[in-house]
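Just need the structure, nothing else, for what follows:
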Amino acid sequence: MYSKTVMDHFKSPRNVGVIENPDGFGEVGNPLCGDMMSIYLKIKDDRIEDIKFQTFGCGAAIAVSSMLTEMTKGKSIEEAKKISNKDVAAALEGLPKNKLHCSNLGADALHQAIKDYEDRKAGKEPAEPKRSEKHVHTHGDHCYCPYCDAEVPEGVTFCKACQTDLSVQH
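Below is the predicted model of the structure:
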């Protein structure tokens, strides 16, 4: 059972979107299991002036992303580094045990975005996100869309069910 706070952030997520030319970017998750989180940061005077997210996943993952952005906005970089998965889960008034991994994804995406910001500030070139997931059939010899779970034939690069390009994942 989800708390009222989880349901509120799922039904009315805050800070959804993309920041063009972000100062920091973090992406975590596994498109093959369905949860992907991207965090975009805009930093001014070492404070998080704006933060946006895009999440593809379950209601808990969306609620975690929304709460995480609310908790982070306006914080200094050092304060934001201290935000943990437990802090996010507590702010949401708890998550079911089988959904606690979502709070880990949120905190990991934030910390990755902060590291990206610090690397850029130090003059390091931002690395292209590398995904190491291997294409594995999890349901016998059938393939399924990582976004909507519809069955798709092997080699297909477009899911007709959810209108998503699968060429990167499939």
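
show me where pLDDT drops low in the chain?
Within the chain, the segments meeting pLDDT under 70 span 30-34, 103, 126-142, 144-150, 161-170.

redo that, cut-off 80
For the chain, the stretches with pLDDT under 80 are 30-34, 96-104, 125-170.

name the element the spatially most central residue of the chain belongs to?
Central residue of the chain (C-alpha atoms, centre = their mean): Met37, 1.2 Å from the mean position. If you go by DSSP states H and E, Met37 is part of strand 35-44.

Show me the strands paired with that strand, marking each as parallel or antiparallel.
strand 24-30 (antiparallel), strand 47-56 (antiparallel) (DSSP bridges).

hmm, back to that, show me what the residue nearest to the centre of the chain is bridged to.
Those that pair with Met37 in a beta bridge, by DSSP bridges, are Val28, Thr55.

Quick check: it vs Asp87, distance?
Counting by C-beta to C-beta, to the nearest Å, the gap from Met37 to Asp87 is 16 Å. (Glycine included, C-beta is placed from N, CA and C.)

Could you do Leu68 as well?
Relative to Asp87, Leu68 is positioned 9 Å away (C-beta to C-beta).

how about the strands in the chain?
24-30, 35-44, 47-56, 143-144, 151-152, 158-159, 164-165 (DSSP state E).

how near is Cys102 to Lys75?
21 Å.

Same drill for these two, tell me which one is more crowded.
Between Cys102 and Lys75, Cys102 has the larger neighbour count (other C-beta atoms under 10 Å), namely 28 against 15.

Now for that one: which residues touch it?
Applying C-beta atoms under 8 Å, 6 or more residues apart in numbering to Cys102 gives the contacts Asp35, Gly57, Cys58, Ala60, Ala61, Ala63, Val64, Leu95.

Show me what counts as buried in stretch 52-60.
Within stretch 52-60, the residues scored as buried using 16 or more other C-beta atoms under 10 Å are Lys52, Phe53, Thr55, Phe56, Gly57, Gly59, Ala60.

All set now, cheers.
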